[in-house]
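A.B. asks: Task: produce atomic coordinates for the following.
(chains A and B)
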Protein chains: 2
Amino acid sequence: MRWCRFQSGSTVAHGIIEGDSVTEVTGSPFEGHARTATTLPLSLVKLHVPMIPPTFYAAGVNYREHVTEMAHRRGVKPEFPPHADVGYRANNALIATEEAIVIPKDATEQVQYEGELVAVIGRRCKRVSEAEALDYVFGYTIGNDVSERTWQRGDRTFWRGKNTDTFKPMGPWIVTGLDPEQLRVTIRLNGAEVFSYAVKDAIFGVRQFISRMSQYLTLYPGDVLWMGTDGATENMKDGDVVEVEVPGIGILRNPVMRER
Amino acid sequence: MRWCRFQSGSTVAHGIIEGDSVTEVTGSPFEGHARTATTLPLSLVKLHVPMIPPTFYAAGVNYREHVTEMAHRRGVKPEFPPHADVGYRANNALIATEEAIVIPKDATEQVQYEGELVAVIGRRCKRVSEAEALDYVFGYTIGNDVSERTWQRGDRTFWRGKNTDTFKPMGPWIVTGLDPEQLRVTIRLNGAEVFSYAVKDAIFGVRQFISRMSQYLTLYPGDVLWMGTDGATENMKDGDVVEVEVPGIGILRNPVMRER
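C.D. replies: Okay, here's the model as predicted:
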């Protein structure tokens, strides 16, 4: 099933996508909901970020080739994390598919994409095993963890390098019933593939993260867990279009503009 | 004006506190709201966290004596931050006044309080000057940034050391119309004062943080900014009671229990 959040006129609602149509529902995908009589062509509605998470988790360094490449560029030895230590991103930075990634005037040229799988929590959980962890996932969507590399290195936290407004595209929608280990992520810049990787090559998978996090934290419906990216990443510039595709989910597509 | 969020029966609502009574309002303090006819004795309602923030910001290292003391304990030279680089905390960890801080079984004895002033954003803001920054603050409340020091040092991020469930007491309510530079924070453990400091001794003040953050981020109504703590901090153990008082706001009081 495909779940989106969309706007038609001044109304923003959750919806179920079937074929080329979206049916508005009352409530939310995580709680009680009911289909309304309103069905619209998907092409006529504006898609929003599928949900605003109560807490926005991000795995950060979670793929060997990405960790190795980033360390190489800084002239240091790659260090792989010993545990699934989750980090955070911020809701202010979220934008929907087709919305513009806006590079601030004072950013350097090193503003880069990171295409990622995103797990969306469906049920409250605490202290779950790896074997049962995926039962608490509602579905999957796609994220682009846009990063200004000089700010990322220079700021004490990642607040500006990772969470500047518009730096967290997420969408286009959530798909249920998928096996994350079977998915691939492909990143394209201006239509040309720049990297493609298998989700299962992660250092720690969705099961490992959810189980470990839940030993200390309660996860809530709508919380998101961004799984990290693999491979080298390249700069994006004014006028570029970046796409992150996960076959089985869809394409998260965002134009890039630089503030003048 | 004092704003709270409270529960009476199964209803959770925002309320305005006057004297010993709370009047329920519809809506929220940040948007349109209206007083209802329901007024209850404050002693008969359960206080909740005053709001669930869209984004939960924390200044982290922001007082010289705290930075110096923490560095001294680790045997390293204190380093003061050159810029107001904000960090994050997580909503899962929030608890209200009078709720228990629960120390997990596998935590060490180094679970410590950090009493802090909390600024609550009232209006959406982007690119505001230091001179106008306080105009975007709705009011102030109190936070206790409970920290497991060995996890804080060992985990790659602060996810477990700072954001374990119940590690972020916030409340008891929000007070409007205060000048943050005039406030003091006093921390008591089992009734005995353990530290007291002036908010104005911060390395960066509320004005500086909001102005700098807003150059890159949009701040939204209900976002919170925890301002950091000063001084040495001590361990809390099963059966302790920790209070953070800010005269002019009130007392955030939490019992401490260790899981068995």
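
A.B. asks: Residues in contact with the host helix or strand of residue A:225: which ones?
C.D. replies: In this structure, residue A:225 sits in strand A:224-226 according to DSSP states H and E. Residues from elsewhere that reach strand A:224-226, judged by Cβ atoms under 8 Å, 6 or more residues apart in numbering or on different chains: A:51, A:53, A:56-59, A:86, A:89, A:116-121, A:141, A:143, A:145, A:170, A:206, A:209-210, A:213. To be clear about C-beta, it is placed using only N, CA and C from the backbone, and glycine gets the same treatment.

A.B. asks: which among the residues you listed are in contact with chain B?
C.D. replies: Among the contacts of strand A:224-226, the residues that sit close to chain B (Cβ under 8 Å from any Cβ of the partner chain) are A:86, A:213.

A.B. asks: Please name the nearest non-neighbouring residue to residue A:4.
C.D. replies: For residue A:4, ignoring the flanking residues on the chain, the nearest one in space by Cβ to Cβ, 6 or more residues apart in numbering or on different chains is residue A:173 at 3.9 Å.

A.B. asks: try residue A:158
C.D. replies: residue A:152 is the one closest to residue A:158 (Cβ to Cβ, 6+ apart), at 6.0 Å.

A.B. asks: And the helix or strand harbouring residue A:4, what does it pack against?
C.D. replies: Per DSSP H and E: residue A:4 is located in strand A:2-8. The contact analysis (3 or more Cβ pairs under 8 Å, 6 or more residues apart in numbering or on different chains; DSSP states H and E) places strand A:2-8 against strand A:11-18, strand A:21-27, strand A:46-48, strand A:168-175.

A.B. asks: Strand partners (parallel or antiparallel) of that strand?
C.D. replies: strand A:11-18 (antiparallel), strand A:46-48 (antiparallel), strand A:168-175 (antiparallel) (DSSP bridges).

A.B. asks: So chain A: which segments form each domain?
C.D. replies: Listed domain ranges for chain A are A:1-48, A:49-258 (source: automatic domain parsing).

A.B. asks: sorry, back to before: point out the ones among the contacts of strand A:224-226 that are inside helices.
C.D. replies: Applying DSSP state H to the contacts of strand A:224-226, the entries found in helices are A:206, A:209, A:210, A:213.

A.B. asks: So among those residues, which ones count as buried?
C.D. replies: A:206, A:209, A:210, A:213 (16 or more other Cβ atoms under 10 Å in any protein chain shown).

A.B. asks: Nearest to chain B, out of those: which one, please.
C.D. replies: Proximity of those to chain B (Cβ to the nearest Cβ) peaks at residue A:213, which lies at 7.3 Å.

A.B. asks: which residues does the closest residue in space to the closest one that isn't next to it in sequence contact?
C.D. replies: Distances taken as Cβ to Cβ, 6+ apart place residue A:86 nearest to residue A:213, at 5.5 Å, with adjacent residues excluded. Listed by Cβ under 8 Å, 6+ apart, the contact set of residue A:86 reads A:57, A:58, A:59, A:60, A:209, A:212, A:213, A:225, B:157, B:159.

A.B. asks: Repeat the analysis, applying 10 Å as the threshold.
C.D. replies: Residues in contact with residue A:86 (Cβ atoms under 10 Å, 6 or more residues apart in numbering or on different chains) are A:55, A:57-60, A:62, A:204, A:209-210, A:212-213, A:217, A:225-226, B:90, B:155-157, B:159-160, B:163.

A.B. asks: Quick one: neighbours of residue A:257, just the number.
C.D. replies: The tally of other residues near residue A:257 (other Cβ atoms under 10 Å in any protein chain shown) stands at 15.

A.B. asks: should've said residue A:12
C.D. replies: Residue A:12: 11 neighbours (other Cβ under 10 Å).

A.B. asks: before we move on, back to that, format the buried ones among the ones in helices among the contacts of strand A:224-226 as CSV; extra columns: distance to residue A:197 and pLDDT.
C.D. replies: Converted to CSV, those look like this (distance: Cβ to Cβ, whole Å; pLDDT from 0 to 100):
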residue, distance to residue A:197, pLDDT
A:206, 15, 97
A:209, 17, 97
A:210, 21, 98
A:213, 23, 97
